[in-house]
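>>> sequence and predicted structure, then a few things I'm wondering about:
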Amino acid sequence: AASIHSHNTAAATRQPQIRPTPRPELKLHWLSAVTLNKTTTVGGSVDGDITGTVHLLRSALSNLTINLSTEGCLLDEAGILVATLPSTVITIPAGRDRATFRIQTLSSPNTLSAITCTVKARYGDEQAAANFTVEPLRMASFTIVPVAGIGPFTATGTIALNARPAANKTVTLTSSNSIVRFGTIGNAQSNASVTFTSTPAGSLRIVQVVASSVTEPTTVTITAQLGAQTLT
């Protein structure tokens, strides 16, 4: 009887169940880095655009769609973006571990200081980023030689931009006194416009500065203006 009772008691006791510990789901990471062919450029110039590359940790097993965006490139007062991507997505084909994209940089007459931007690539919850700086297209120098003389005399004014513009840019010249004009002696004008183009010589322009005769020493200020920038 004791033996039967012990057997029944053991049978009624619930035996502990041992379950295997679940393994965490293995997730492969893909994005490695974003690289740029240059980190500083002049917006709106012939060489202003930036080429970027999205790198993967390994070759893609199938086509991967990467989302692209720029941050920190705010609209200026004229409503012109300093930097923009022509497309918000790129595709890395199967068997490849990278793909390139282009950042188009623009320049506004109201932008006088450099702006630092960030380009980001996203795939799911992964992201990679790189920074770059866009400098405005501007006048780098304005000189007049000689700066003094006995009137009438002719001087040479030279204006240089910091890069060749992708589109025509116009610099306006004005004089604080009508005794100094621009052009040839027989056809001098009270003001002048100098157009810069995308040609190889498009970052440098020369203008004649003609001074008339005076009865006493006279100081004249010549002003060159490109958008919101002025040099004297």
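Sure thing, it's come through. Numbering: from 1, shown residues only.

>>> and for the closest residue to residue 192 other than its chain neighbours, the neighbour number?
In space, and not counting its chain neighbours, residue 192 is closest to residue 182: 3.8 Å by C-beta to C-beta, 6 or more residues apart in numbering. Heads up, the C-betas are built off the backbone N, CA and C, glycines and all. By other C-beta atoms under 10 Å, the residues close to residue 182 number 21.

>>> for the closest residue to residue 231 other than its chain neighbours, give its distance to residue 160.
Nearest residue to residue 231 in three dimensions, chain neighbours excluded: residue 142, at 4.0 Å (C-beta to C-beta, 6+ apart). In this view, residue 142 and residue 160 are 8 Å apart by C-beta to C-beta, to the nearest Å.

>>> before we move on, what about residue 16?
Distance from residue 16 to residue 160, by C-beta to C-beta: 86 Å.

>>> so what's residue 154 up against?
185, 208-211 (C-beta atoms under 8 Å, 6 or more residues apart in numbering).

>>> re the thing from before, enumerate every residue touching the residue nearest to residue 192.
Shown in contact with residue 182 (C-beta under 8 Å, 6+ apart): 157, 173, 175, 188-192, 207-210.

>>> residue 136 and residue 106 touch, don't they?
No: using C-beta atoms under 8 Å, residue 136 is not in contact with residue 106, being 9.9 Å away.

>>> higher neighbour count, those two?
Using other C-beta under 10 Å as the criterion, residue 136 and residue 106 rank with residue 136 on top: 26 against 21.

>>> tell me the confidence at the more buried one?
We have a pLDDT of 91 for residue 136.

>>> over to residue 102?
Predicted confidence (pLDDT) for residue 102: 94.

>>> check residue 4 too.
On pLDDT, residue 4 comes in at 55.

>>> centroid residue for this structure?
residue 134 (3.6 Å; C-alpha atoms, centre = their mean).

>>> residues near the nearest residue to that residue once chain neighbours are set aside, how many?
In space, and not counting its chain neighbours, residue 134 is closest to residue 43: 4.5 Å by C-beta to C-beta, 6+ apart. Applying other C-beta under 10 Å, we find 26 residues neighbouring residue 43.

>>> wait, residue 43 touches residue 137, no?
Yes: using C-beta under 8 Å, residue 43 is in contact with residue 137, at 6.3 Å.

>>> shared neighbours of these two, anything?
With C-beta under 8 Å, 6+ apart, residue 43 and residue 137 have common neighbours residue 107.

>>> how many residues are close by the closest residue to residue 48 other than its chain neighbours?
Nearest residue to residue 48 in three dimensions, chain neighbours excluded: residue 105, at 4.3 Å (C-beta to C-beta, 6+ apart). Residue 105 has 26 neighbours, counted by other C-beta under 10 Å.

>>> perfect, I'm done here.
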